[in-house]
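# No sequence on hand, only this structure:
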């Protein structure tokens, strides 16, 4: 998949992750796209470490969305703790 395909898929995954996770996640279109791409990378590396994916296997949509949700939760925890200080 080319760079344009990666950006489009990352944007869709980021939008779906933000829609599924409750709460107000204020971020723009670029951060949403980066969230989706990073979620796919997280899902790929965790899946390879657990033996679900072999080297070079594509990651599924659901795993990418779950990876993006995990990143959203982590960012929310980091943002929340810095606002309390």
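Noted; the coordinates are in hand. Remember, predicted model here, so these are calculated numbers, not experimental data.
# can you list contacts of the longest helix along the chain?
As assigned by DSSP state H, the longest helix anywhere in the chain is helix 61-84. By C-beta atoms under 8 Å, 6 or more residues apart in numbering, the residues outside helix 61-84 that reach it are 9, 13-14, 16-18, 20-21, 23, 25, 35-36, 38-44, 46-47, 52, 59. Glycine gets a C-beta too; all of them are placed from N, C-alpha and C.
# In PyMOL, how would I select the buried members of those?
To isolate the buried members of those in PyMOL, using 16 or more other C-beta atoms under 10 Å:
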select buried, resi 9+13+14+16+17+18+21+25+35+36+38+39+40+41+42+43+44+46+47+59
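# which of the residues in the helix or strand of the chain at the bottom of the mean pLDDT ranking are buried?
Lowest on mean pLDDT, DSSP states H and E among the helices and strands of the chain sits helix 61-84, with a mean of 82. Under the neighbour-count criterion of 16+ other C-beta under 10 Å, helix 61-84 has 63-72 buried.
# For residue 7, what are phi and psi?
phi -70, psi -40 (degrees, to the nearest 10).
# Chain neighbours aside, what residue packs nearest to residue 15?
In space, and not counting its chain neighbours, residue 15 is closest to residue 32: 6.1 Å by C-beta to C-beta, 6 or more residues apart in numbering.
# Can you name every helix or strand that the helix or strand where the one you found lies contacts?
Applying DSSP states H and E as the criterion places residue 32 in helix 29-50. Judged by 3 or more C-beta pairs under 8 Å, 6 or more residues apart in numbering; DSSP states H and E, the packing partners of helix 29-50 are helix 3-20, helix 61-84.
# That helix - what's its average pLDDT?
Here helix 29-50 scores 88 as its mean pLDDT.
# How about residues contacting that helix?
The contact list for helix 29-50, computed with C-beta under 8 Å, 6+ apart, reads 6-7, 9-15, 17-18, 27, 53-55, 59-60, 63-72.
# same thing but 6 Å
Residues from elsewhere that reach helix 29-50 (C-beta atoms under 6 Å, 6 or more residues apart in numbering): 7, 10-11, 13-14, 53, 59, 63-64, 67-68, 71.
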